[in-house]
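Novice: Okay, sequence plus prediction incoming.
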Amino acid sequence: MRRRDFLKLSSAAIAAGGLFSKFGDSSAEANQTAPTDAHSFYVSPQGDDLHPGTAAQPLATIAAAQQLARKAMRGGGPIRVWLQAGTYYLESPLTFGEEDSGVPDSSIIYAAGPGQEVTISGGQPVSCNWKPYKDGIMRTVVPAGLDFSQLFVNGRRQIRARYPNYDPSQPGKSGYLQAAGPIPADSKSPYPDPDADMTFSGEAPRGIRFDPGTFSGKKWTKPEEAEIHIFQEAYWGDLQWKVRAVDRQTNSIWFAEGGQQIGAKWDKNPAVVGKRSRFFIENVFEELDSPGEWFLDKDNHFLYYYPPPGMSLQTALIEVPHLEHVIHFAGTQAAPVQHVVVQGVRFAHTLSTYMSRYDVPSLSDWSIHRGGAIFAEGTRNCGIQDCWFDAVGGNAVFVNNYNREFSVTGCKFTETGDSAICFVGDLEKTNGTQRAFPYACRASNNLIHDCGFYGKQIAGVYISRAKRITAAHNLIYNMPRAAICIGDSTWGGHIIEFNHTHDTVRETSDHGPFNAWGRDRAWSLAQSHGPYTRDRSLDAWDVLVDAMEPVLVRNNLFDEKSGWGLDLDDGASNYKIYNNISIGGVSMKWREGAYREVYNNIWYKSKAAPCFHVGNNDNHDRYYNNITVMDPGSTAWPAGWPWWPQMIYSVIAPPAIGPWFEEIDRNCFYSTEGEFQAVVDQLRSKDGKRNPRRYNLAEWQELGFDRNSVFADPLFIDPQGGDFRVRPESPALKLGFKNFAMGQWGLTGDFPERWRSPHST
């Protein structure tokens, strides 16, 4: 099997499963059998809540079954609520409290019946009487008061009328306009803001200028109903605002409320937009001109829709969201929800949340909305198994503050509005005996792809202010930003292992499929980003106060076209990184921090060797026994960067390059072109100018680095076929590199069969 065929297993042929060993959790569907015990309750969309809840006489609502389950729990024994096939439209979230708890070895399980296709919906069907409007557009009357930002037709999310038209051919690029710059700071706003005097550092821009040559020429009668989606200028992510006005005299778009989707507390202006920013504007009736687009006229109670060719609207199922949370675990640290499991369900039709409240849980530049289709707080030993989160409007699963051993296993996440799985605590609420953070939780054996429909600074698995979180055997691809992100070094102990990622970082920049920060108490903004001065402390301080336990990143496969393979950004500390394979992109970014041990990894077809970029003195870092094979022509490279094999160092001041590392040695370097060259870049020299100096291997070794390293072919067995073990005569083995198992990344053999198709129903 050649490498290109091997890697196709991740998206097109994962059903084969033959290359994947059976690690992790077993599938829930293998454990489901026809229930016969007295503590089983049945629910059906055709049932009746006056029924006793038997298989022959099922209930109509899950809430009614929940009440019977609470009563039955008093008698002990396992309890199952079996959902028969169909869609359950909830009027309010299904909320679990302490009174819904099971006991060890006897969880309360809410599950789709064996072989049943079940959807729990945060929306409602809309009865439509479609009439022709004009130009292929259809119109129907909808109930007064109906308001939504997502429309689903026959189960698929449709596109709100927008300019330019939706074009997913080049994610993050096609279907966007280029801004002409921000509205100048000295431009007087014609739209008084009663809070304009409440200035603060990092406040949002007031708007942008546009190029009239590319902007829509149509007159918008209600521009104040429009929303702009625009990338931050450095492409960390995107932001959304309501539009206050479009001024065609000055070619300006003035922003109303919004802009909370990015928020680094350390940055003077993280939400800056400018000439590099791309944007589109939606919810504009006059731009309803493409099949699949829709517009809701709330004032006159009309829904407009431009059906694709061949669609029969008279028989189409029309659904719209009205809930953000479908399931809410609502316990507390003192009274947690315990041993409640949800299995085998498709979740759909939840509200988009990009205009909701966001907060910044740590000093990374990630801003998050604390919400999701499933929102869990105050749990112990609860879980979500074998479920599909289909185009939910915001985050799919949000595990918030106090949670112990919450697990998300065997699930599929597609086209989520924001992140798939979030484990996020609250440092400000963690004091005394309060432990407002997820602990010993798990996201394993999940298929996560094509997420971030609205938010672009998102992740497949996001971890912040948490401890001992495991992300294992997940297959994550087609993401706008990271596959897995750790927002800070508080409090460590995480295990990131056997994950397979590809085609991430498709719409953003300056990070990788694995992204991490450590802007905790030991981190210094001046040291990290400021100019060099000798009166600043430059040592690593005591980072282990917050980074209490090492984070293990091991046995992962990162197969990427661009970005960093692994990104240890500002201050990320206390990591052990080994037995990983990173293909393509730029192998690894290693910024200031401490106690990082990186060994026995393979960087293949990389644009450069790991970049040690801005470091702490005496940081206790070690980099050894790694293999780097560079292929300068394999992937795109930023303009102006050298193409040759290199180690890039950004030094504090010449000639001192350290003392940074305890060890950089016994590494094997090779390239399809050129020879070894190390680049020392005086990025933070006193004059602020970059003055790179290049060293060959001998010169580099004279500086004290890689004295026992070699520039030689590592002799992989079959890299094109996915076998990166080295042959017995490999020079890497002589340096101490050790072969490790191949093919165990990603989904295991017991991932639910029905979710293996990219568009399961």
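Specialist: Right, received. Where do you want to start?

Novice: Determine which residue lies closest to the centroid of this structure.
Specialist: Centroid-nearest residue in the chain: residue 459, 0.8 Å away (criterion: C-alpha atoms, centre = their mean).

Novice: what residues are up against it?
Specialist: 419-420, 422, 479, 481-485, 515 (C-beta atoms under 8 Å, 6 or more residues apart in numbering). All C-beta spots, glycine's among them, are computed from the backbone N, C-alpha and C.

Novice: Which helix or strand lies directly C-terminal to the lengthiest helix in the chain?
Specialist: Longest helix in the chain, counting residues (DSSP state H): helix 62-73. The C-terminal neighbour of helix 62-73 among helices and strands, as given by DSSP states H and E, is strand 79-83.

Novice: on that earlier part again, may I see the buried residues of the longest helix of the chain?
Specialist: Buried residues in helix 62-73, counting neighbours by 16 or more other C-beta atoms under 10 Å, are found at 62-66, 68-69, 72-73.

Novice: and which of the contacts of residue 459 is nearest residue 493?
Specialist: residue 484 (15.3 Å; C-beta to C-beta).

Novice: How many residues are close by the closest residue to that closest one other than its chain neighbours?
Specialist: Among residues not flanking residue 484 along the chain, residue 461 sits closest, at 4.8 Å (C-beta to C-beta, 6 or more residues apart in numbering). Residues lying near residue 461 (other C-beta atoms under 10 Å) number 30.

Novice: so residue 461 makes contact with residue 444?
Specialist: No - between residue 461 and residue 444 there is no contact under C-beta atoms under 8 Å: 9.8 Å.

Novice: and for the two, which residues touch both?
Specialist: Common contacts of residue 461 and residue 444, defined by C-beta under 8 Å, 6+ apart, comprise 471, 474.

Novice: can you map out the helices along the stretch 401-550 of the chain?
Specialist: Using DSSP state H, counting those that start in this stretch, the helices of the stretch 401-550 of the chain run over 525-529.

Novice: for it, which spans come out with low pLDDT?
Specialist: 527, 530-539 (pLDDT under 70).

Novice: One more: the stretch 551-700 of the chain?
Specialist: Ranges of the stretch 551-700 of the chain meeting pLDDT under 70: 632-660, 681-691.

Novice: about what we covered before: partner residues bridging the residue nearest to residue 484?
Specialist: Taking DSSP bridges as the rule, residue 461 bridges to residue 421, residue 484.

Novice: Now do the strands in the stretch 651-761 of the chain.
Specialist: 661-665, 668-671, 678-681, 693-695, 710-711, 716-718, 723-726 (DSSP state E, counting those that start in this stretch).

Novice: Does the second one pack against any helices or strands, and if so which?
Specialist: Okay, so that is strand 668-671. strand 627-630, strand 710-711, helix 731-735 (3 or more C-beta pairs under 8 Å, 6 or more residues apart in numbering; DSSP states H and E).

Novice: mind running it again at 6 Å?
Specialist: For strand 668-671, the packing partners by 3 or more C-beta pairs under 6 Å, 6 or more residues apart in numbering; DSSP states H and E come out as strand 627-630.

Novice: just to revisit the earlier point, and of the strands of the stretch 651-761 of the chain, who's closest to residue 187?
Specialist: Using C-beta to C-beta, the nearest of the strands of the stretch 651-761 of the chain to residue 187 is strand 678-681, at 38.3 Å.

Novice: partners of that closest one in the sheet?
Specialist: With DSSP bridges as the test, strand 678-681 pairs up with strand 648-650 (parallel), strand 693-695 (antiparallel).

Novice: about what we covered before: of the contacts of residue 459, just say which sits nearest to residue 717.
Specialist: Nearest to residue 717, judged by C-beta to C-beta, of the contacts of residue 459 is residue 483 at 26.5 Å.

Novice: In this structure that closest one contacts residue 513, no?
Specialist: Yes - using C-beta atoms under 6 Å as the test, residue 483 is close enough to residue 513 to be in contact (4.2 Å).

Novice: circling back: same list, the buried residues of helix 62-73, but as CSV with pLDDT please.
Specialist: CSV is the format used below for the buried residues of helix 62-73 (pLDDT from 0 to 100):
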residue, pLDDT
62, 98
63, 97
64, 98
65, 97
66, 97
68, 95
69, 95
72, 90
73, 84
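
Novice: which helices and strands does the top strand by length along the chain pack with?
Specialist: Using DSSP state E, we find that the single longest strand of the chain is strand 238-247. Secondary-structure packing of strand 238-247 (3+ C-beta pairs under 6 Å, 6+ apart): strand 227-231, strand 252-258.

Novice: Packing partners of the shortest one?
Specialist: Secondary structure elements in contact with strand 227-231, counted by 3+ C-beta pairs under 6 Å, 6+ apart, are strand 238-247, strand 278-282.
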